[in-house]
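**Student:** here are the coordinates; sequence isn't available:
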């Protein structure tokens, strides 16, 4: 009973501080995930020491992570990627390869980090947070502008490439090194999963839609969808991939914008029902995902970081520069006027939740020590907080040199 009471207090503090710091961040025009992570730093060993990252907290955080990737998959519009076409693909691939290559090279040769660590650092820098980007573009009333369509299409492909890379690195970390056989296994699994998931999702949605009409109980949809997501996560883990891949694929399969014929057929059959799935899942997702971001802050002990070390500060500065310039560089490959390319490049910089997922998996896998984990958290925080202000300044100066907003 005493342990239960302690857990109740812990959960109360996590949810309350996550909300308070998230609201504060939003008020300061900073992504709320940064506030939630700061809540963990304040509650954890870095400052107050009121909450420890116990096993049960980590389990709730993992559920939040799986549901977060489910939401990313659910909101992934592959039709938008196809519509944005070649430009979005160029920006995505350039903005994925360049951060990974330069982050890996800097870690391996400048800071003499082990191969596996350098791979995870490079992988962390590939992230792009579509949530932060969309929010800023909406604030600027440029969400329907031509450059915004390129950015959103590129961010979709970045999400997919990032999750695949994350699965590969996770497999390497479990196996103790790079293993092409295991890597091939993960890639085959991903391919099979992406094909079969829409079929399973369509069948489940049909059954659920019918059962929802005849059931005399409330809560059928959220219970069933959460069960489906957790099942996909279990299957992913069972075949050697990270559980979060199952959550992402489940969301992608259930998305009413999924581009495969199964998703299109599902959309035509019952648009309102699929929209309802999204609607009823939001409160559950928004309950659990802050726990993940708070847990990220709880796992970081800033008191143990050697701030007097020039290496820590130098590495943070180098990775921030690499993270910013490599995303800008990815947008330079498209044939558009320079202001257009700069707008796209700046919008691709934010890492936020996607970068934190990479960093946390690296920590949990034992790849990152506390000092390197702190460096990456700083890098993610700076590259998440800075771009919204950069975009607002850029549009104030150069919006007149960009294509007109689509009014449709």
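**Tutor:** Received it, and whenever you're ready, just let me know what you need. Here the structure is a predicted model, which means the values were calculated and not measured.
**Student:** alpha carbons only for contacts and neighbour counts from here, please
**Tutor:** Fine.
**Student:** Around residue 58, how many other residues sit close by?
**Tutor:** By other C-alpha atoms under 10 Å, 18 other residues sit near residue 58.
**Student:** Please apply the same query to residue 394.
**Tutor:** Neighbour tally, residue 394, other C-alpha under 10 Å: 15.
**Student:** Not counting residues beside it along the chain, what's closest to it?
**Tutor:** Spatially, and ignoring its direct neighbours in sequence, residue 394 is nearest to residue 343 (7.4 Å; C-alpha to C-alpha, 6 or more residues apart in numbering).
**Student:** Next, count neighbours for residue 27.
**Tutor:** Neighbours around residue 27, by other C-alpha under 10 Å: 11.
**Student:** doesn't residue 127 make contact with residue 159?
**Tutor:** Yes. Counting by C-alpha atoms under 8 Å, residue 159 does reach residue 127; the two are 7.3 Å apart.
**Student:** Which one of these two is surrounded by more residues?
**Tutor:** residue 127 (32 against 24).
**Student:** So that one: helix, strand or coil?
**Tutor:** Assigned with DSSP: H, G, I helix; E, B strand; the rest coil, residue 127 falls in the coil class.
**Student:** Please list all residues in contact with it.
**Tutor:** 96, 158, 159, 162, 350, 351, 354, 355 (C-alpha atoms under 8 Å, 6 or more residues apart in numbering).
**Student:** Strands along the stretch 101-250 of the chain, start to end?
**Tutor:** Per DSSP state E, counting those that start in this stretch, the stretch 101-250 of the chain carries no strands over any range.
**Student:** can you count the residues close to residue 16?
**Tutor:** Residue 16: 13 neighbours (other C-alpha under 10 Å).
**Student:** swap in residue 50?
**Tutor:** By the criterion of other C-alpha under 10 Å, residue 50 has 14 neighbours.
**Student:** picking up where we left off before, so which helix or strand takes in the residue nearest to residue 394?
**Tutor:** In this structure, residue 343 sits in helix 338-347 according to DSSP states H and E.
**Student:** Do I have it right that residue 95 meets residue 332?
**Tutor:** No. Using C-alpha under 8 Å, residue 95 is not in contact with residue 332, being 9.8 Å away.
**Student:** If you count surrounding residues, which of those two has more?
**Tutor:** residue 95 (31 against 21).
**Student:** So the more buried one versus residue 313, what's the distance?
**Tutor:** 25 Å (C-alpha to C-alpha, to the nearest Å).
**Student:** Kindly report the same for residue 89.
**Tutor:** The value you get for residue 89 to residue 313, if C-alpha to C-alpha is used, is 34 Å.
**Student:** Neighbour count: those two, which is higher?
**Tutor:** Shown here are residue 89 and residue 313; by other C-alpha under 10 Å, residue 89 has more neighbours (22 against 14).
**Student:** Ignoring the adjacent residues along the chain, who's closest to the more buried one?
**Tutor:** residue 154 (5.9 Å).
**Student:** What separation is there between that neighbour and residue 362?
**Tutor:** For residue 154 relative to residue 362 (C-alpha to C-alpha), the value is 25 Å.
**Student:** who's more crowded, these two?
**Tutor:** residue 154 (31 against 24).
**Student:** Which pLDDT value belongs to the more buried one?
**Tutor:** Residue 154 carries a pLDDT score of 82 in this model.
**Student:** isn't it right up against residue 92?
**Tutor:** Yes. The pair residue 154 / residue 92 is scored as a contact, 4.5 Å apart, by C-alpha under 8 Å.
**Student:** among the helices and strands of the protein, which has the poorest mean pLDDT?
**Tutor:** Least confident helix or strand of the chain, by mean pLDDT, DSSP states H and E, is helix 261-269 with a mean of 42.
**Student:** Can you name the element that comes right after the helix holding residue 343?
**Tutor:** Next along from helix 338-347, by DSSP H and E: helix 352-364.
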